[in-house]
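Undergrad: can you look at this prediction? I've put the sequence above it.
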Amino acid sequence: MNPLHYIFLGGGMLCVAFVLRRTAKRAQSNQTSTALTQPPVTPRNRVSDRLQELELRLYDFSREVEGRMETKLTVLDELIAEADREIIELRQAIPPERSLELPTRPHSSLSADQIHMADCLFGAGFQVDEIARAMNCKPAEIARELAIDPPDSAAA
């Protein structure tokens, strides 16, 4: 071989050695800088990391629940719209002479809610006297609203 080839071969080997050494120094300096920038792992850091993870999971869960609720609300809106259409169809199907007006009652001291509650309690098996005591009114008023004989006349 020519001595010039040896010179080029030696120079090339020196360049490769220089590049490898620089790469090794950079890798080593990156490891030390990473170790210096990251805080040491302590129980407090682990708890903080776990807390952040749980917050993220909670946020994801809330988004999922919100999506489900939106879906259910959409379905409910569709059902309400369908029910409204059926009500309109039924109103059109009923002849006008068969109106659904409720008969008027004489003036009562009980509100509509109280009358409904008394009716529900009576249907549940409560006596007129018990209902009157619970609602702070006279048994005769309850009996009149429920269209039954007052308890005094039943005993006579």
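TA: Received, thanks.
Undergrad: could you point out which element follows the helix ranked longest in the chain?
TA: Using DSSP state H to define each element, the chain has its longest helix at helix 43-93. Counting by DSSP states H and E, the next helix or strand C-terminal to helix 43-93 is helix 112-123.
Undergrad: send the alpha carbons of that next one over as PDB?
TA: Listed next in PDB are the C-alpha coordinates belonging to helix 112-123 (Å, rounded to 0.1, in the frame of the first residue of the first chain):
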ATOM      1  CA  ALA A 112    -106.500  21.200  44.200                       C
ATOM      2  CA  ASP A 113    -103.300  19.800  45.600                       C
ATOM      3  CA  GLN A 114    -105.000  19.000  49.000                       C
ATOM      4  CA  ILE A 115    -107.900  17.400  47.200                       C
ATOM      5  CA  HIS A 116    -105.500  15.200  45.200                       C
ATOM      6  CA  MET A 117    -103.600  14.300  48.300                       C
ATOM      7  CA  ALA A 118    -106.800  13.400  50.200                       C
ATOM      8  CA  ASP A 119    -107.900  11.300  47.200                       C
ATOM      9  CA  CYS A 120    -104.500   9.500  47.200                       C
ATOM     10  CA  LEU A 121    -104.600   8.900  50.900                       C
ATOM     11  CA  PHE A 122    -108.100   7.600  50.800                       C
ATOM     12  CA  GLY A 123    -107.100   5.300  48.000                       C
END
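Undergrad: please identify the helix or strand for residue 27.
TA: Using DSSP H and E, residue 27 sits within helix 3-37.
Undergrad: ok, residue 131 next?
TA: helix 128-135.
Undergrad: before we move on, the earlier item: what residues sit buried inside the helix holding residue 27?
TA: Under the neighbour-count criterion of 16 or more other C-beta atoms under 10 Å, helix 3-37 has nothing buried. (C-beta placed from N, C-alpha, C; glycine too.)
Undergrad: next one: that helix to chain centre, how far?
TA: Between the centre of helix 3-37 and the centre of its chain there are 61 Å (C-alpha atoms, centre = their mean, to the nearest Å).
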